[in-house]
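K.L.:
with the sequence up front, the predicted model follows.
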Amino acid sequence: MNRTELKACIAEQAALRYTPAGLPALDLVLEHASEVQEAGQMRKVQLKLRALAFGSLAERLAKQAVGTVWTFQGFLATPRQGKSVVLHIQKFQQD
């Protein structure tokens, strides 16, 4: 199963663009910081993650301000000719 949920801040947001098929698309960078327990110890976790949204979801996300915090749900994929992982956002909500 490939399902990811992440509470993160919108750190960067590109301009809304359109795919060759005319579908709205939005590229973002999300930033997350938290503490988790690992091997009986608390560990600080920080990460930046590239993310992507399509369709009406991209249009709604494009209206959100950089710096706002959301819970994002989606799946992870490696883009064509890419080496990094990208979160494909399928749902987002504010807590």
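P.N.:
Happy to help now that I have it.
K.L.:
quick check: the spatially most central residue of the chain vs residue 37, distance?
P.N.:
For the chain, the residue whose C-alpha lies nearest the mean C-alpha position (CA atoms, centre = their mean) is residue 51; its distance is 3.7 Å. Per CB to CB, to the nearest Å, residue 51 is found 26 Å from residue 37. Backbone N, C-alpha and C define where each C-beta goes, glycine included.
K.L.:
contact partners for residue 65?
P.N.:
residue 10 (CB atoms under 8 Å, 6 or more residues apart in numbering).
K.L.:
separation between it and residue 76?
P.N.:
Distance of residue 65 to residue 76, computed by CB to CB: 25 Å.
K.L.:
show me where the protein has its helices.
P.N.:
55-62 (DSSP state H).
K.L.:
what's around the residue lying closest to residue 57 once chain neighbours are set aside, how many residues?
P.N.:
Nearest non-adjacent residue to residue 57, counting by CB to CB, 6 or more residues apart in numbering: residue 89, 6.4 Å away. The local packing of residue 89 (other CB atoms under 10 Å) involves 23 other residues.
K.L.:
quick one, what contacts residue 89?
P.N.:
Neighbour list for residue 89: 28, 51, 52, 53, 57, 61, 72, 73, 74 [criterion: CB under 8 Å, 6+ apart].
K.L.:
repeat that with 7 Å
P.N.:
Shown in contact with residue 89 (CB atoms under 7 Å, 6 or more residues apart in numbering): 51, 52, 53, 57, 72, 74.
K.L.:
farthest from the middle of the protein: give me that residue.
P.N.:
Outermost in the chain, CA atoms, centre = their mean: residue 40 at 28.8 Å.
K.L.:
give me the phi and psi for that residue.
P.N.:
Recorded main-chain torsions at residue 40 are phi 80, psi 0, according to degrees, to the nearest 10.
K.L.:
any idea how far it lies from residue 46?
P.N.:
21 Å.
K.L.:
what of residue 37?
P.N.:
Taking CB to CB, one finds residue 37 at 16 Å from residue 46.
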